[in-house]
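>>> Structure for this input, please:
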Amino acid sequence: MSEDRTHDRTQVQEFFGARAADWDRKFAEDGPAFAAAVAESGLRPGDRVLDAGCGTGRALPALRSAVGPEGTVLGVDLTPQMLAAAQRAGRAAEGALLLADVARLPLRDAALDAVFAAGLIAHLPEPGANLRELARVVRPGGRLALFHPIGRAALAARHGRELTPEDLRAEHNIGPLLGSSGWEMISYADQDHRFLVLATRRP
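This next block holds a predicted model:
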């Protein structure tokens, strides 16, 4: 692993590790937005789905409900404290939790039917390569959902910054990025109450 990549990993772990204990309390009202995004992601009973960058596992109950008892739900996160919080919240009952880097997933090619990723895209150090890794583990025709419980403008205002044309999540940026990473964007929604991009895995 390169020195830059190690630095990126450490920064992400430090940022989220320091916030893990209070994460669910701070964002307690996000549950319905997660459930609605999962409902739109095209999952079917029996599907195999990965929650990439699962954090405290807030999406896991909705993902389990969507794929049913015969489906497979896997939550992967880079930060041990986030996975520990998911365990304390009882969300390991909804899916398997794994400490791993989404840049190098310990999964075989085409192992999954879908990936759900909440708040992940802004924290990817190499977005193109990282999205290609997600594509690697999804079967052709499978789904990707890139989600955030508030839209770009609301998130920028929360952090006291301006939106710029360079924002990775802007439609004119994320569409071509997905297209060059093995995905085809099929819908784009950026509203105050949610950000949701859906894509399918190209053959």
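>>> Give me the secondary structure label for the residue most central in space within the chain.
With distances taken as Cα atoms, centre = their mean, residue 117 lies nearest the centre of the chain, 1.3 Å away. On the three-state scheme (DSSP: H, G, I helix; E, B strand; the rest coil), residue 117 is labelled strand.
>>> now it, nearest residue through space, not along the chain?
Using Cβ to Cβ, 6 or more residues apart in numbering and skipping residues adjacent in sequence, the residue nearest residue 117 is residue 52, 4.4 Å away. From N, CA and C alone the C-beta is placed, and that goes for glycine too.
>>> any weak-confidence spans in this structure?
1-7, 14-18, 20-21, 23-24 (pLDDT under 70).
>>> Helices of that one, start to end?
With helices called from DSSP state H, the chain shows them at 3-26, 31-40, 60-67, 80-88, 127-136, 152-158, 171-179.
>>> Show me what the third one packs onto, helices and strands only.
This means helix 60-67. helix 31-40, strand 48-52, strand 72-77 (3 or more Cβ pairs under 8 Å, 6 or more residues apart in numbering; DSSP states H and E).
>>> Tell me which of these is the most buried.
strand 48-52 (a mean of 27; mean count of other Cβ atoms under 10 Å).
>>> now it, how far from the centre of its chain.
In terms of Cα atoms, centre = their mean, to the nearest Å, the centre of strand 48-52 is found 8 Å from the chain centre.
>>> Could you list every helix and strand in contact with it?
helix 60-67, strand 72-77, strand 112-118.
>>> so the second one versus helix 60-67, what angle?
In other words, strand 72-77. With axes from the mean of the first three to the mean of the last three Cα atoms, to 10 degrees applied, the angle from strand 72-77 to helix 60-67 works out at 150 degrees.
>>> Report the strands that pair with strand 72-77, each with its relative direction.
Its sheet considered, strand 72-77 pairs with strand 48-52 (parallel), strand 96-99 (parallel) by DSSP bridges.
>>> can you list the residues that contact that strand?
The contact list for strand 72-77 (Cβ atoms under 8 Å, 6 or more residues apart in numbering) reads 47-55, 57, 60, 63-64, 67, 83, 86, 91, 94-100, 102, 105, 112.
>>> likewise the first one?
For helix 60-67, the external contacting residues (Cβ under 8 Å, 6+ apart) are 34-35, 38-39, 41, 43-49, 51, 54, 71, 73, 75, 86, 91, 94-95, 116.
>>> Recalculate using a threshold of 6 Å.
34, 35, 38, 43, 47, 49, 73, 75, 91, 94, 95 (Cβ atoms under 6 Å, 6 or more residues apart in numbering).
>>> who touches the longest strand anywhere in the chain?
The single longest strand within the chain, with elements called by DSSP state E, is strand 138-148. Contact partners of strand 138-148, identified using Cβ under 6 Å, 6+ apart, comprise 37, 41-42, 110, 112-119, 121, 183, 195-199, 201, 203.
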